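Q: coords please:
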Amino acid sequence: MKNKKLGMLVKASILSRKGATIFFCCFMVIATILVLVSAGAVMPLKNNIDQNINNHILNRELNFEINENTPQNEIDDTILSIKSIEHITNVYNVPAELDVSETSGVLFSAYTLSYVHEGYNLKITSGRAFKENEENVAVVPEVLKDFNSESQRINKIDGKTLVGKNLVFADESGKEHKLKIVGVYNTSDPIFTGNQILIPRNSLIEFNNEVIASAKGMASITSDKAYKILVDDAKNLESVQSKVSSYCEPYTMDLNFDSQSYNIALIIIIGSIVFFALFVIAGQYMFVKSNISRRTEELALYRSLGYKSNQLFYIIFAEYFLIGIISIAVGTILTVLLDILLINPYLMNLVGNTMMEMTVNVSAVYILLFLVIYLIVLAIVSIWAVKRSEKTDLSVLLRER
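A: Numbers count the residues shown, from 1 in each chain. Purely as a prediction, here's the structure:
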C-alpha cells in the first residue's frame, strides 16, 4: 500500500511539471541519439584503421632476395631458421610480376599478371576467389581503364562483364597464357594499381620460370629468388626484422599513404566524443540538480508528513528514472531509424567500396553503458537532494507565497 502511494506521488510529480519534464525528455532523447551515433561510428572507424591501415599486409611483411647461384640446401636451411623465429607465421617464395598484353581482342592496354599476398583478405565483389592450387584462372579489377591505341580512347570496362570469359595473355617472351576469369576484386587498397590481373602464385612462378628459360638472359626479370616473411602483427615487425637480419638482408615496402594521419584523426575524434560524453553527463547532472533545488518546499512537505529519507530517495529517483528510461528508449529507436534511413546510406556513398567502408549500428553495450552512467548520476543527485532536505527547516512551509 505504501509503495502504491509512493508511486502515485511519483506520477503526480511528473504530471505537475509537464514543461520541465518535456524539456528534459527532449534533452535526453537528443543526447541518446548523439551518443549512440558517435559511439557506433567510432568503433568501426577504429577497427578499419587498426586492421586495414596499421595492420596492413605491407606492415606485416619483410622482403629478402637470395642469389640464384645459392645452393638449394642453403636456401632451405635459411628459411627453416627464419621460420623458427617468434611471431613469423610463414616464409614463402614470391614471383615477379609479368607485363602482358591480351591477344584475343577483348582488351587492348598493357596489363600485369600479379598474385595475392599470403595473409591478405582479397575482397571479391563479383564471382568468386580462386584457390591457390587452381590453374589457368584469374580475377580482374572492378573497373579496367582500357586504352585502345588505334582509336585513342580509354574505355572503362566493367570487370563483371569479363567473369566466365577466357582471355589470352602474351608475356614478353611471346608465350600465351589462357586464363578463365572467375571473379572481380576490389581495388580500393593502395596495394593495387588498377591494371593487375591476379592469378595463383604458383602459376605466376611457373610463368616466371618459362620467361627466364626462353629469354636466355634477356628477360626483364631476374633468376634471383625473392621471398616474403609474414609476421603475425605489425607491432612485431621491427623486432622480427632485427632477428631476421642475422640470416639475410630484410627490407619493408612502404604504403603509399600516410597512416599516421589516420591515427591522429582517430585520436581527435575519440577525444571529441569523450568531451561530448562528459558534456552530456554534466548536462544531466545540472538539469536534475537544478530541478530538485527548486522543490525545497515539496520535499519539506513530505518530511512534515512523516516520509523518511529512503522514501524521499525513492520518489526523486523513480521520477527521473521513468523519464530517463522512456527518453533513452525513444532515442534508441530514433537512432536505429536514422542509421537505416540516413546515416548508413550517406556513409555508403562517402566511403562505400573502399578500405574505410563502414556502417553505424546501435550496440546494446553502448545503450546499457549510457543507462548505467545516467543511473549513477541520478543516484548521486538523489542522495544529495535527500541530504539537503534533512537540513531544510520545515518553517519554509509557513512562508507566505
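Q: CA only for contacts and neighbour counts going forward, please
A: OK.
Q: measure the residue nearest the centre of the chain to Ile85 for me?
A: A centroid search over the chain (C-alpha atoms, centre = their mean) returns Asn48, at 2.8 Å, as the residue closest to the centre. Applying C-alpha to C-alpha, to the nearest Å, the value for Asn48 to Ile85 is 29 Å.
Q: so Leu167 bridges to which residues?
A: Leu179 (DSSP bridges).
Q: tell me, how many neighbours does it end up with?
A: By the criterion of other C-alpha atoms under 10 Å, Leu167 has 21 neighbours.
Q: That one contacts Lys178, correct?
A: Yes. Using C-alpha atoms under 8 Å, Leu167 is in contact with Lys178, at 5.7 Å.
Q: re the thing from before, let me know the secondary structure of the residue nearest to the centre of the chain.
A: The three-state label given to Asn48 by DSSP: H, G, I helix; E, B strand; the rest coil is helix.
Q: wait, what's in contact with the residue nearest to it when sequence neighbours are not counted?
A: Spatial nearest neighbour of Asn48, chain neighbours left out: Met356 (5.9 Å); criterion: C-alpha to C-alpha, 6 or more residues apart in numbering. Contact analysis of Met356 by C-alpha atoms under 8 Å, 6 or more residues apart in numbering lists Leu45, Asn48, Ile49, Asn52.
Q: Now Met356. Its backbone dihedrals?
A: Backbone torsions of Met356, given as degrees, to the nearest 10, read phi -100, psi 20.
Q: Strands of the stretch 151-300 of the chain, start to end?
A: For the stretch 151-300 of the chain, applying DSSP state E, counting those that start in this stretch gives strands covering 153-158, 166-170, 176-185, 196-198, 225-231.
Q: Could I get the CA-only coordinates of the longest one as CSV?
A: It refers to strand 176-185. Output in CSV follows, covering the C-alpha atoms of strand 176-185 (Å, rounded to 0.1, in the frame of the first residue of the first chain):
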residue,chain,number,x,y,z
GLU,A,176,50.4,-17.1,-74.4
HIS,A,177,48.5,-18.0,-71.3
LYS,A,178,44.8,-18.7,-71.5
LEU,A,179,43.1,-17.7,-68.3
LYS,A,180,39.4,-18.0,-67.2
ILE,A,181,38.1,-15.0,-65.4
VAL,A,182,36.4,-16.3,-62.3
GLY,A,183,35.9,-13.2,-60.2
VAL,A,184,36.2,-9.4,-59.7
TYR,A,185,38.2,-7.9,-56.9
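Q: what angle separates it from strand 166-170?
A: 120 degrees (axes from the mean of the first three to the mean of the last three C-alpha atoms, to 10 degrees).
Q: So what touches strand 176-185?
A: 122-130, 136-142, 159-160, 162-170.
Q: Can you tell me the element Asn63 falls in?
A: Applying DSSP states H and E as the criterion places Asn63 in strand 61-66.
Q: Which neighbouring elements make contact with that strand?
A: Judged by 3 or more C-alpha pairs under 8 Å, 6 or more residues apart in numbering; DSSP states H and E, strand 61-66 is in contact with strand 225-231, helix 237-244.
Q: which of the contacts of strand 176-185 count as buried?
A: 123-126, 128-130, 137-142, 159-160, 162-163, 166-170 (16 or more other C-alpha atoms under 10 Å).
Q: In helices, which of these fall?
A: Residues from those lying in helices, with DSSP state H as the criterion: none.
Q: where does this structure dip in pLDDT?
A: For the chain, the stretches flagged by pLDDT under 70 are 1-17, 215-224, 257, 294-300, 302-306, 389-401.
Q: Just the helices from it, written as ranges.
A: Listed in chain order, the helices of the chain (DSSP H) span 2-16, 18-48, 72-83, 201-215, 237-244, 259-293, 296-304, 309-338, 344-351, 364-390.
Q: Columns distance to Gln152 on top of those, output as a markdown table?
A: A markdown table is the format used below for these (distance: least, C-alpha to C-alpha, whole Å):
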| stretch | distance to Gln152 |
| --- | --- |
| helix 2-16 | 76 |
| helix 18-48 | 40 |
| helix 72-83 | 48 |
| helix 201-215 | 30 |
| helix 237-244 | 46 |
| helix 259-293 | 38 |
| helix 296-304 | 85 |
| helix 309-338 | 47 |
| helix 344-351 | 32 |
| helix 364-390 | 56 |
